[in-house]
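J.: Quick one, structure for this:
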Amino acid sequence: MEGCHMNKTFLMALLVLAILAAGCTQPAAQPPGNTTASTRGASVMITSFSFEPSTITVPKGATVTWTNQDPVAHTITGADFDSGSIGPGKTYSRTFDRAGTYEYHCTIHPGMKGTVMVQ
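T.: Numbers count the residues shown, from 1 in each chain. The predicted model follows:
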């Protein structure tokens, strides 16, 4: 009977270690409104008169694609780029070749703002 108790204790210890190890491998949560792209590209949705996510971090050389899911036109306008009018269902893409912070907005709806952080 004593050997059975030791086996159960051993199995419980293994189970606890497995659960703890699984919890340690989970990715860190991103702050709300901020997304890091782990690939060479990233997507931003234009929805409900906002850019989602509003801040995105991408590696140098990545292409960001904005998709307009609103029923009206928007723009993606920064200091050195401008998409022009993007109608409903349309997209705009831009490749960011230099590290830095790129703020942008919609010229039609100035309250819509976003940031691309290039590392």
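
J.: what residue ranges in this structure score low on pLDDT?
T.: Along the chain, the parts satisfying pLDDT under 70 run over 1-39.

J.: Can you show me the strands along it?
T.: Counting by DSSP state E, residue ranges of the strands within the chain are 34-36, 41-47, 50-52, 55-58, 62-68, 77-78, 91-96, 100-105, 113-118.

J.: Residue 84: which of the ones you listed is closest?
T.: Nearest to residue 84, of all the strands of the chain, is strand 91-96, at 8.1 Å by CB to CB. To be clear about C-beta, it is placed using only N, CA and C from the backbone, and glycine gets the same treatment.

J.: packing partners for that closest one?
T.: Applying 3 or more CB pairs under 8 Å, 6 or more residues apart in numbering; DSSP states H and E, one finds that strand 91-96 makes contact with strand 62-68.

J.: And the contacts of the strand it packs on?
T.: Judged by CB atoms under 8 Å, 6 or more residues apart in numbering, the contacts made with strand 62-68 from elsewhere in the structure are 37, 39-46, 51, 56, 58, 74, 76, 83, 86-96, 116, 118.

J.: Tell me how far the spatially closest residue to residue 65 that is not a sequence neighbour lies from residue 43.
T.: With CB to CB, 6 or more residues apart in numbering as the measure, residue 93 is the residue that lies nearest to residue 65, at 4.3 Å, once sequence neighbours are left out. Between residue 93 and residue 43 the distance is 10 Å, computed by CB to CB, to the nearest Å.

J.: From the contacts of strand 62-68, list just the buried residues.
T.: Taking 16 or more other CB atoms under 10 Å as the criterion, what is buried in the contacts of strand 62-68 is 37, 42-44, 46, 51, 56, 58, 74, 76, 83, 86, 92, 94, 96, 116, 118.

J.: picking that back up, report the contact partners of the residue nearest to residue 65.
T.: If you count contacts by CB under 8 Å, 6+ apart, then residue 93 has 63, 64, 65, 66 around it.
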